[in-house]
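1. Build me a structure from this.
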Amino acid sequence: MTVHIARNGWSETEKTMLEDAVRRADESGASLRSVFEETGLRLGRKPNSVRNFYYLQLRSRDGQCVQRAAPFVLFTEDEVYALVKEILKGKSLGKSVRACVTEMAGGDKTTMLRYQNKYRSVLKKRPTLIEAVLKELEAEGVHCDNPLLHMPCALPEERDAYLKNIQAMDRMKVQQDMMRMQLEDMQSAARATLLLCKDFLALLPEEKQGNLDTFCQALACRLSVLENAAN
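-> A predicted model of the protein is given here:
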């Protein structure tokens, strides 16, 4: 069912629909990208617009803010084990940790960061689990170097600082991706607005007069889209 709504804001019903979709994605492991596409289809909005609103709400953390579940909350012990095993199997094939989690997350940045942070946490706090996974992989004929032997810092406090720096860099990369996507949306909205104005200015004087109301309505819509993209 498609919900027809005004383009100048989000109703409480729409916010609830998006929030429910995000929660279902957390429970099923689906990507945020699929949430944006599905919700956009149901609401008659573009997936990019849904994505922008989601991240705007996520950043604001105010009132009825739509938020993804807190990192790691939904991981069961079996999921942690499977996550570590999948990453170590990928590393045995020469893949980086980031490449492994990106593939596992289907390219979704938020899920990828969640997986990577969990792996880093296990690497830091649960070396016995790493050893157990390595032993199981060896029994399956999969050889993988022990990542605990390649930790660059021997002292616990230095290792902790190293892992925190990696996590901070990952968060920065996600923020950069969000900013890049927002810029792309702004550029697209600006081009559409410019094209609309150029087309109107190219009309004959009598055509401009006859199409003035239509132009003003279309321009108001374009400016609303541009404003939403800039927020």
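2. Only C-alpha atoms from now on, for both contacts and neighbour counts.
-> Noted.
3. Need the contact partners of stretch 189-202.
-> Stretch 189-202 is contacted from outside by 208, 215, 219, 222-223, 225-226, 229, using Cα atoms under 8 Å, 6 or more residues apart in numbering.
4. next one: that stretch to chain centre, how far?
-> Relative to its chain's centre, stretch 189-202 lies at 31 Å (Cα atoms, centre = their mean, to the nearest Å).
5. ok, and for it, which residues are buried?
-> Buried positions in stretch 189-202, judged by neighbour count with 16 or more other Cα atoms under 10 Å: 189-190, 192-193.
6. Give me the buried subset of the contacts of stretch 189-202.
-> 215, 219, 222-223, 225-226, 229.
7. out of those, which are inside strands?
-> Taking DSSP state E, every one of the buried ones among the contacts of stretch 189-202 sits outside strands.
8. ok, these vs Val133, which is closest?
-> Using Cα to Cα, Ala229 is the member of the buried ones among the contacts of stretch 189-202 that sits closest to Val133, with 45.2 Å.
9. you'd agree the closest one is up against Arg51?
-> No - counting by Cα atoms under 8 Å, Ala229 stays clear of Arg51, with 10.2 Å between them.
10. Tell me where the model's unsure across the chain.
-> Along the chain, the parts satisfying pLDDT under 70 run over 1-8, 26-30, 58-74, 150-164, 166-168, 170-171, 173-174, 231.
11. quick check: domain ranges of the chain?
-> Domain segmentation of the chain under automatic domain parsing yields 12-60, 77-150, 178-230.
12. quick one, strands of the protein?
-> In the chain, no segments count as strands under DSSP E.
13. Quick check: the gap between the residue of it most remote from its centre and Leu212.
-> Of all residues in the chain, Glu206 has its C-alpha farthest from the mean position, at 48.6 Å, by Cα atoms, centre = their mean. From Glu206 across to Leu212, the span is 10 Å (Cα to Cα, to the nearest Å).
14. re earlier: could you dump the buried ones among the contacts of stretch 189-202 to CSV with distance to Cys197?
-> What follows is the buried ones among the contacts of stretch 189-202, written out as CSV (distance: Cα to Cα, whole Å):
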residue, distance to Cys197
Phe215, 8
Leu219, 8
Arg222, 10
Leu223, 11
Val225, 15
Leu226, 14
Ala229, 19
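15. So which of these is the closest to Tyr119?
-> Distance ranking of the buried ones among the contacts of stretch 189-202 against Tyr119, using Cα to Cα, places Ala229 first at 34.1 Å.
16. Need the nearest residue in space to the closest one, chain neighbours excluded.
-> Met186 (5.2 Å; Cα to Cα, 6 or more residues apart in numbering).
17. Tell me, how many residues neighbour that neighbour?
-> 19 (other Cα atoms under 10 Å).
18. got the contact list for it?
-> Taking Cα under 8 Å, 6+ apart, one finds 226, 229-230 in contact with Met186.
19. Present these as JSON lines; the columns should include distance to Leu93.
-> JSON lines is the format used below for the contacts of Met186 (distance: Cα to Cα, whole Å):
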{"residue": "Leu226", "distance to Leu93": "45"}
{"residue": "Ala229", "distance to Leu93": "41"}
{"residue": "Ala230", "distance to Leu93": "42"}
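20. still on that earlier bit, now, which of the buried residues of stretch 189-202 lie within helices?
-> 189-190, 192-193 (DSSP state H).
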